[in-house]
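In: Mind folding the following:
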Amino acid sequence: MNRLSFLLLILMVCFSSGSAWSLTKVDSVLVDKNNIEVNKRPKIGLVLSGGGAKGMAHIGVLKVLEELGIRPDYISGTSMGSIVGGLYALGYSADSLKNMMISQNWSEVLTNTIPLKEVNINEKDEYKHYVADFKISSQGIELPSGIIEGQKLSQVLTRYCWPSYQYETFADFPIPFFCVGSDITTGQAVIFDQGDMAEALRGSMAIPTIFTAVSIDDRYIVDGGLVRNFPVKETIDRGADIIIGSYVGAEMKSRDQLSSMVSLLKQSTMLLSVMDSEENKPLCDVLIEPDLGEYSPADFYNADSIIDRGEIAARKMKKNLKSLIDSINYRSRDIELHEHEKSDLVSIEKIKIKHVEYVGLENVSHKLVTGKLNLKPENWYSAEDIEESISRLYGTLYFDKIKYRITSDKDGALLTMIFKEKYNTMLSASLNYNNETKGGVLVGLTLRNSILKASKWSTILNISELPSLRTEFSKYVGAKQSINIIGGGEYNSAKIKGYNNSRIMSINSIRTAKLYLGAEVYPESSMSIGLRTGKGYTFMNSELYANYSKMYISYLYTTLSFKFNTLDRPYWSTRGFMIKTNLNYYYDNRYKIKMDTYKPIGQTGGLKTVNSNRPAYFTFDTRFKYNVRIFSDLLVYKHTAFLGISSRSDNYNQQYRIGGAHAYLDNSVPFLGYRENAFMSNNVIYNKIELQSEVYKDFFVSAFFNAGYFSSESSQLGDRLFKFNDWIGGGGIAVGYNSVFGPIELHVAKLTDSDTPKLYFSVGYRLW
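Out: Predicted structure coming up:
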């Protein structure tokens, strides 16, 4: 017999007995015969369990409660239940919560990935370029406490919890609220009913080994579901007389269901939590358990259907809920109903910041932080303003996490910026393979703030048959840290193979090296203007027939560059625009060429060495990408173009390398239908149009057509720009998958003047 049945039985006995102390209901207040109040209307507590994505079913339950006019007096929750319950208690309606969950970009929120457009432009090329990252400390190589630090998750929670800053405690919300976390150091449940709401929600859902733990008031907090996934007892202790529970957590599986090692391990880790929930379920007067058998805690992309399952389950219990209302004479005049159109949310557009405090800065320059944030006391800021400032600073990649807290008073507010710096030394690694240059191992070592504050020294090595290396030191300077001083060097190697049909006619091995020093101005997330100068070397060796045997070139160069990039992804971008322009001046060009003087068929010609100094010359190149979403991610139009011009036709140095699927160097031009580095040219016009579709999450299909014109003389480009008979074209299809090991791509393309299609396959990230 549950508590509701027992209460009804007692009332029936009291009324039938005609006892002198029998009670009479008048307007939801129990009074004795002398009209003395004995007990007010029973208080309703709503308890929402954890369950990952399955916790979104609570929103469907809330929708039905709204329709019935049931407004809880208390709400409690754990993990996802804390997020749904907390935001509802703050004043969001069930419909607004549903829209919030359905429209959320979960691939950003539930990963450490931020959109590429928010990453500082001089970090974009290396961002998310590795499969594994390791921290290096005095104790050796360390692993993080969780896979996901959750920068975007914290930003989203803080944005939606923005109205909570006007309340002293969670009990002051339109509906009093608390949530539960677990102290991983003591194994105790921790109740959060005051403080920073976003931080409390983030701690309550910090699934161990998935999300990093949260430090709150000297406690190390992880998911409350480990200890108290269904906090019914705590809600009763807070004053709730009637409990409505919505449970979507784990269930105890039978012996027959525990048929695999994974199922045994899962039940073992959740054993205490499930047993605790089973003890709390009987304490509910109405228990709603949505049927979510085919959904997992990770199915955030099925928000709509999961919410519907919650609504279906609640409607099945509608009779029980109505009986509950009738039994306590729950009337609209006792409490204001929570209607669909009505919201208790008291929004705050902007807050006046009286003072800005910085917590957690140890190695990162204070000047870098204040310069990038640009948050000034005595100014008014919205949540969006602060988020924009944080994104600008976080895009420098000097931090694992940046969050903020606002403490309000009548004169203004204290804004506390809380930082978790990246480890000074990080080791990164990734594997790669492609059918053109075969396999390789990408290893990166990054030292931040080790030499100087606001500095970074990164070294990337690609260990393969054609090795490559880049090492670079950079430091922000200036009042707003809007100038980035850069110095470094790079080395790469390649083989240019000439073909006649499928037969290799020539092989040229090329190795290039550069040393440079320069600066970038306004290196924000989308744009920078740069100037570099340095010395370069090119070594060319003919392994098969060519008009030279060896060539050595040294030169000085100066480059003026402009970069603008708002693409949302490095691979399979769906929106944004990118342009990268370089004006290069090459001078002091010194050539040393060992060449054949004469080579008749079947004979070996004589060799001679020629030393020469070539005149200075210019090259200009611009790379362009543009994406338009025609129908969401289901159909995206993409346009890629490249223009490269050289003022001299006889320079062998820095020629544009044609062919392959991607551009890995400033002077490489992708052209599907040709093998990677199929040939070189001094002047290039190239265009590619593509229709891309994300047919399933992280799985892409596209059709493309590319065409170009190549010449030794720049004057020929203008003459033949619209003479398409001189152009070379080709098209094909591509499929790709964004895997945990990096992008997996397969391109099949055929040139219009060739009978043989070319296949390009690659897995993983490459330096070049």
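In: what sits against Val47?
Out: By Cβ atoms under 8 Å, 6 or more residues apart in numbering, Val47 lies in contact with 75-77, 81, 230-232, 235, 243-246, 280, 284. Every residue, glycine included, has its C-beta placed from N, CA and C.
In: Excluding chain neighbours, what is closest to it?
Out: Nearest non-adjacent residue to Val47, counting by Cβ to Cβ, 6 or more residues apart in numbering: Gly245, 4.6 Å away.
In: give the contact list for the one you found.
Out: 46-49, 230, 232, 280-281, 284, 286-288.
In: now do Val628
Out: Residues in contact with Val628 (Cβ under 8 Å, 6+ apart) are 575, 636-638.
In: so what's the residue nearest the centre of the chain up against?
Out: Geometric centre of the chain, nearest residue: Thr113, 2.2 Å, by Cα atoms, centre = their mean. Listed by Cβ under 8 Å, 6+ apart, the contact set of Thr113 reads 107, 128, 152.
In: Surely it is within a strand?
Out: No - using DSSP: H, G, I helix; E, B strand; the rest coil, the secondary structure at Thr113 is coil, not a strand.
In: Torsion angles phi and psi at it?
Out: Backbone geometry at Thr113, expressed as degrees, to the nearest 10, gives phi -80, psi 130.
In: So it versus Asp698, what's the distance?
Out: Using Cβ to Cβ, to the nearest Å, Thr113 is found at 12 Å from Asp698.
In: Contacts only, for Glu535.
Out: For the record, residue 535 is Lys, not Glu. Contact partners of Lys535, counting by Cβ under 8 Å, 6+ apart, are 514-515, 554-557.
In: follow-up on the earlier one: filter the contacts of Thr113 down to the buried ones and hand me the PyMOL line.
Out: Here is the PyMOL selection string for the buried members of the contacts of Thr113, based on 16 or more other Cβ atoms under 10 Å:
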select buried, resi 128+152
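In: which one among the contacts of Thr113 gets closest to Ser681?
Out: Proximity of these to Ser681 (Cβ to Cβ) peaks at Lys128, which lies at 32.4 Å.
In: Nearest residue to the closest one in space, please, no chain neighbours.
Out: Leaving aside its chain neighbours, Lys128 sits nearest to Thr113 (6.1 Å; criterion: Cβ to Cβ, 6+ apart).
In: Could you report the pLDDT at that neighbour?
Out: At Thr113, the model reports a pLDDT of 76.
In: And the one 5 residues further on, by the same measure?
Out: Here, the pLDDT recorded for Glu118 equals 86.
In: Helices - which of the contacts of Thr113 land there?
Out: Under the assignment DSSP state H, the contacts of Thr113 contribute 107, 152 to helices.
In: Kindly reformat the contacts of Thr113 as TSV containing distance to Asp326 and pLDDT.
Out: Output for the contacts of Thr113, formatted as TSV (distance: Cβ to Cβ, whole Å; pLDDT from 0 to 100):
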residue	distance to Asp326	pLDDT
Ser107	46	78
Lys128	57	81
Lys152	46	87
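In: Ile70: how many residues sit nearby?
Out: As a burial measure, Ile70 scores 22 neighbours (other Cβ atoms under 10 Å).
In: Can I take it that it is in a helix?
Out: No - per three-state DSSP, Ile70 lies outside any helix segment and is coil.
In: Distance-wise, check Asn725 relative to Phe705.
Out: Distance, Asn725 to Phe705, using Cβ to Cβ: 16 Å.
In: who's more crowded, these two?
Out: Per other Cβ under 10 Å, whichever of Asn725 and Phe705 has more neighbours is Phe705, with 17 against 5.
In: tell me the contacts of the more buried one?
Out: Phe705 touches 688-690, 729-731, counting by Cβ under 8 Å, 6+ apart.
In: if we go to 6 Å?
Out: 689, 731 (Cβ atoms under 6 Å, 6 or more residues apart in numbering).
In: Can you name the residues bridging to it?
Out: Judged by DSSP bridges, the bridge partners of Phe705 are Ile689, Gly731.
In: same check, this time on the one 4 residues further on
Out: On DSSP bridges, the residues paired with Tyr709 through beta bridges are Ile685.
In: That one: neighbour count?
Out: 19.
In: which element is Lys638 on?
Out: Per DSSP states H and E: Lys638 is located in strand 635-646.
In: residues in contact with that strand?
Out: For strand 635-646, the surrounding residues in contact (Cβ under 6 Å, 6+ apart) are 574, 619-630, 656, 669, 682-690, 692-693, 714.
In: my read: Trp169 touches Gln194, true?
Out: For residue 169 the amino acid is Thr, not Trp. Yes - with contacts counted by Cβ atoms under 6 Å, Thr169 reaches Gln194, the gap being 4.1 Å.
In: re the thing from before, sort out which of the contacts of Lys535 are in strands and list them.
Out: Among the contacts of Lys535, the ones falling in strands (DSSP state E) are 514-515, 554-557.
In: Show the buried residues in these.
Out: Neighbour counting over the ones in strands among the contacts of Lys535 (16+ other Cβ under 10 Å) leaves 514, 554-555, 557 as the buried ones.
In: circling back to that earlier point, who's the residue nearest to Val47 bridged to?
Out: Under DSSP bridges, the beta-bridge partners of Gly245 are Val47, Leu287.
In: That one and His58: what is the separation?
Out: 10 Å.
In: Apart from its neighbours in sequence, what residue is nearest Ala132?
Out: Closest residue to Ala132 apart from its sequence neighbours, by Cβ to Cβ, 6+ apart: Ala429 at 5.3 Å.
In: My guess is the one you found contacts Gly440. True?
Out: No - with contact defined as Cβ under 6 Å, Ala429 does not count as touching Gly440 (11.3 Å).
In: Looking at these two, which is more packed in?
Out: Higher neighbour count among Ala429 and Gly440: Gly440, with 23 against 13, using other Cβ under 10 Å.
In: Count the neighbours of the residue lying closest to the more buried one once chain neighbours are set aside for me.
Out: Using Cβ to Cβ, 6+ apart and skipping residues adjacent in sequence, the residue nearest Gly440 is Ser464, 3.0 Å away. As a burial measure, Ser464 scores 19 neighbours (other Cβ under 10 Å).
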